[in-house]
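**Student:** Below is the sequence, then the predicted model.
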Amino acid sequence: MEDAAYYGRSIIRAFLAGVAIAIGGCVFIGCKEIGYSWVGAILFAIGLLTVFSFGLDLYTGKVGYWAEADRKGQYLFYLIIVIIGNFIGTLFVGLFMPSETAGAMVQTRLDDYDFVYTLGKGIFCGLLMFIAADFYKTRKSFTATFFCVPVFILSGFEHSIADMFYFCSAGVYSLDGVVFILTVIVGNAIGGVLIPVCRKYMYEPETARTAE
């Protein structure tokens, strides 16, 4: 019963996180349409800022901590719940905000789809999102947010939840779209766990440093 309540709260937080990221996607599309994509890349940070401020559950901000979780199977199930909630949130906004620009963005992604290439763009975005999330978690500062978000957008990296919104806004619900999103989800996961896995081995143990 407690688990059901926990996951119920999680999916509400995940839904709101999806809405927040979708709103960031809306402002990016609006700026792109008037020729100021770089402004949209900066303003997109409102999505992640909202997620951090209200403790919402965003897949790309949570997946990196799977590597450090004690019960990895349970955490994986939690991540699936988060993805579902994030999708519902992006769908909710996407249905109200149809966009031809989003359609063009989605078509470009599908036309250019290559598994390795798309996976790589997902990895780099996942890495940046973990940096932003961990910086806020450890320092309670949004500084990294306003660097990492514009960097991933202007570099052309892929954020799975943002992409969900673009596909929903474009009204594209195809098998090719599902494959694209799943590829990015996997890439975001690999990038997200990269630092948590490596930092287990790249520093000397605390006991060794103390002994010195």
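**Tutor:** Ah, there it is.
**Student:** C-alpha from now on. contacts and neighbour counts both.
**Tutor:** Fine.
**Student:** for residue 106, what are its contacts?
**Tutor:** Residue 106 sits next to 166-167, 170, 172 when contact means C-alpha atoms under 8 Å, 6 or more residues apart in numbering.
**Student:** ok, of the residues you listed, which come out buried?
**Tutor:** Neighbour counting by 16 or more other C-alpha atoms under 10 Å classes 166-167, 170, 172 among these as buried.
**Student:** Which strands or helices does the longest helix seen in the chain pack on?
**Tutor:** If you go by DSSP state H, the chain has its longest helix at helix 2-33. Here helix 2-33 touches helix 37-43, helix 45-54, helix 72-96, helix 100-111, helix 160-170, going by 3 or more C-alpha pairs under 8 Å, 6 or more residues apart in numbering; DSSP states H and E.
**Student:** For that helix, buried residues please.
**Tutor:** For helix 2-33, the neighbour count (16+ other C-alpha under 10 Å) marks 10-32 as buried.
**Student:** residues touching the residue nearest the centre of the chain, list them.
**Tutor:** Centroid-nearest residue in the chain, with C-alpha atoms, centre = their mean: residue 60, separated by 3.4 Å. For residue 60, the contacting residues are 126, 129-130, 159-161, 188-189, 192, by C-alpha under 8 Å, 6+ apart.
**Student:** element containing it, please.
**Tutor:** Secondary structure from DSSP states H and E places residue 60 in helix 59-62.
**Student:** Tell me how far that helix lies from the chain's centre.
**Tutor:** Remark: helix 59-62 is offset 6 Å from the chain centroid, using C-alpha atoms, centre = their mean, to the nearest Å.
**Student:** Kindly format the C-alpha coordinates of it as PDB.
**Tutor:** The C-alpha trace of helix 59-62 is given here as PDB (Å, rounded to 0.1, in the frame of the first residue of the first chain):
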ATOM      1  CA  TYR A  59      13.800  11.200 -16.100                       C
ATOM      2  CA  THR A  60      17.000  12.900 -17.300                       C
ATOM      3  CA  GLY A  61      17.600  14.400 -13.800                       C
ATOM      4  CA  LYS A  62      17.000  11.100 -12.000                       C
END
